[in-house]
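**Q** got a sequence here, can you model it:
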Amino acid sequence: MQSLSPNQLKYLVALRHELHQTPEISGEEIRTAERIAAELTTLGADRLWRGLGGHGVAAEFAGREDGPTVLLRCELDGLPIREISDLPYKSTIPGKGHLCGHDGHMVSMLGVATRLATRPQKGRVILLFQPAEETGAGAQAVIDDPRWPDIRPDFAFAYHNVPGRPLGEVGLREGPGNCASRGMQIVLEGKSSHAAAPEDGVSPGPAMAALMTSLPELSGGTIGDEAFSLATLTHASLGEPTFGIAPADGELRATLRSMTNERMDALMQEALRRVEKHAQGLSVDILWHDVFRAVVNDVEATGIARTAAGALGQNCLEMPSPMRWSEDFGRFGDDGAQTALLYLGAGESHPQLHNPDYDFPDALIPVAVDLFFQILRDILSPEAQ
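**A** Next comes the predicted model:
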């Protein structure tokens with residue numbers, strides 16, 4: 001049985017459409033955070049934290065007795081991608097869109113908050129609306145906030161919708177669930193010269209050409225294998241668009257991806273070795289961006305989610321391999337919580353994440369609300385050990 005009344009679901013859908021129209025990208029989620037904080041206040045949160053790690057918002061719903069702290073996390077930010085759709089609630093912000101489903105994730109957790117009008121018997125629930133997930137910076141910024149010790153959970157759960165899977169299917173995976181990744185920016189500087197005398201300068205061109213072949217060769221293995229690695233070239237620029245100058249400056253960008261954090265460490269070192277090999281005679285600066293740790297799902301937390309889905313009769317998939325895309329939820333596991341990221345099917349023919357025509361499926365809202373409320377009940381009921 002669904003936990004939301006028809007009127008509650010109608011309100012949540014309308015709220016998602018409102019959020020969808022006004023997306024804010026990572027680090028800019030001011031109005032979104034204000035809107036969420038207002039909803040949580042109306043829903044009677046016992047305590048509210050604002051401005052966590054930037055614009056993050058957290059709400060506490062306290063039980064009547066001492067017990068574990070369970071955190072449910074969702075994301076505030078949209079993407080710097082132009083939405084292409086005929087939806088009546090399409091983005092009104094040029095070049096920005098909720099094209100990953102974070103608007104749906106937010107209202108799902110607000111749906112759980114409506115159920116928390118009846119407080120848990122023991123422990124407490126923290127609903128975290130995290131900033132800057134898309135850049136990989138938000139979770140760590142929240143953890144680094146000096147107020148985090150008041151929030152720090154024993155368990156942490158979250159979900160991401162997954163296009164290409166049956167609507168409402170609950171994907172579960174113990175161990176690695178999402179790949180580690182990071183952006184590598186290689187800035188090269190030599191010496192310019194007249195194009196008629198390139199030998200009088202030092203061009204980054206040959207080094208860039210070699211690296212554009214060498215870095216992708218770091219890819220290998222298959223997802224699910226701890227040796228899996230993927231190096232994807234994402235940008236290259238060399239000099240200015242002229243014909244009379246042999247260039248001095250060049251830049252190359254690549255994304256490194258691995259199934260484990262340990263494999264990422266080795267992948268980074270090999271990438272740096274190749275840059276050193278091919279960029280001799282040039283000034284080199286390496287910058288790292290969008291650093292995501294691997295999501296590693298705790299066995300016990302995943303088991304709790306499995307039991308909750310089974311109690312609701314929801315269809316479960318034991319995933320044979322991790323997701324290749326990254327998620328910064330792994331930071332909460334690094335901080336000591338028992339964590340599980342769940343993967344809820346968004347529909348087999350649904351547009352993919354980050355596509356310009358993507359839109360979160362509203363039919364997934366009650367599925368998520370039921371599942372996460374059941375998880376809370378299983379952990380915080382008097383019978384739970």
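**Q** do a quick rundown of the strands in the stretch 151-300 of the chain.
**A** Under the criterion DSSP state E, counting those that start in this stretch, the stretch 151-300 of the chain carries strands at the ranges 155-162, 170-172, 175-178, 180-189, 193-194, 229-238, 245-246, 249-258, 283-292, 295-297.
**Q** adding mean neighbour count, write the ones you listed out as CSV.
**A** For glycine as for every other residue, the C-beta is placed from the backbone atoms N, C-alpha and C. CSV is the format used below for the strands of the stretch 151-300 of the chain (neighbours: other C-beta atoms under 10 Å):
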stretch, mean neighbour count
strand 155-162, 25
strand 170-172, 21
strand 175-178, 23
strand 180-189, 21
strand 193-194, 14
strand 229-238, 16
strand 245-246, 18
strand 249-258, 21
strand 283-292, 15
strand 295-297, 25
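**Q** residue 367 is nearest to which of those strands?
**A** Nearest to residue 367, of all those, is strand 170-172, at 8.2 Å by C-beta to C-beta.
**Q** tell me what the closest one is packed against?
**A** Counting by 3 or more C-beta pairs under 8 Å, 6 or more residues apart in numbering; DSSP states H and E, the packing neighbours recorded for strand 170-172 are helix 299-311, strand 316-318, strand 338-345.
**Q** give me whichever of the ones you listed is most buried.
**A** Most buried of the helices and strands packed on strand 170-172 by mean neighbour count (mean count of other C-beta atoms under 10 Å) is strand 338-345; its value is a mean of 25.
**Q** that one pairs with which strands, and in what direction?
**A** Note on strand 338-345: by DSSP bridges, its sheet partners are strand 155-162 (parallel), strand 170-172 (antiparallel).
**Q** how far does it sit from the chain's center?
**A** Remark: strand 338-345 is offset 12 Å from the chain centroid, using C-alpha atoms, centre = their mean, to the nearest Å.
**Q** can you put the strands of the stretch 151-300 of the chain in TSV and add mean pLDDT and distance to residue 149?
**A** Listed next are those as TSV, based on pLDDT from 0 to 100; distance: least, C-beta to C-beta, whole Å:
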stretch	mean pLDDT	distance to residue 149
strand 155-162	98	15
strand 170-172	98	30
strand 175-178	96	26
strand 180-189	98	26
strand 193-194	97	58
strand 229-238	98	36
strand 245-246	97	56
strand 249-258	98	31
strand 283-292	98	24
strand 295-297	98	23
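**Q** can you tell me the closest non-neighbouring residue to the residue most central in space within the chain?
**A** The residue lying closest to the centre of the chain (C-alpha atoms, centre = their mean) is residue 327, at 3.3 Å. Counting by C-beta to C-beta, 6 or more residues apart in numbering, residue 327 lies nearest to residue 178, which is 4.5 Å off, once chain neighbours are set aside.
**Q** low pLDDT regions in the protein?
**A** Along the chain, segments meeting pLDDT under 70 span 1-2, 384-385.
**Q** what's the domain layout of it?
**A** The chain is divided into the following domains under automatic domain parsing: 6-178+295-380, 180-292.
**Q** which one of these is the most hemmed in?
**A** Of the domains of the chain, the one with the most neighbours on average (mean count of other C-beta under 10 Å) is domain 6-178+295-380, at a mean of 20.
**Q** let me see the contact set for residue 315.
**A** 166, 168-170 (C-beta atoms under 8 Å, 6 or more residues apart in numbering).
**Q** and the residue nearest to residue 198 when sequence neighbours are not counted, what does it touch?
**A** Computed as C-beta to C-beta, 6+ apart, the closest residue to residue 198 that is not its neighbour in sequence is residue 246, at 4.0 Å. Residue 246 sits next to 192-195, 197-198, 201, 203, 239 when contact means C-beta under 8 Å, 6+ apart.
**Q** just flag the most distant two among the residues you listed.
**A** 197 and 239 (15.3 Å).
**Q** helices or strands up against whatever helix or strand residue 125 lives in?
**A** Assessed by DSSP states H and E, residue 125 sits inside strand 122-130. Judged by 3+ C-beta pairs under 8 Å, 6+ apart, strand 122-130 is in contact with helix 30-42, strand 56-62, strand 65-75, helix 102-115, helix 138-144, helix 364-380.
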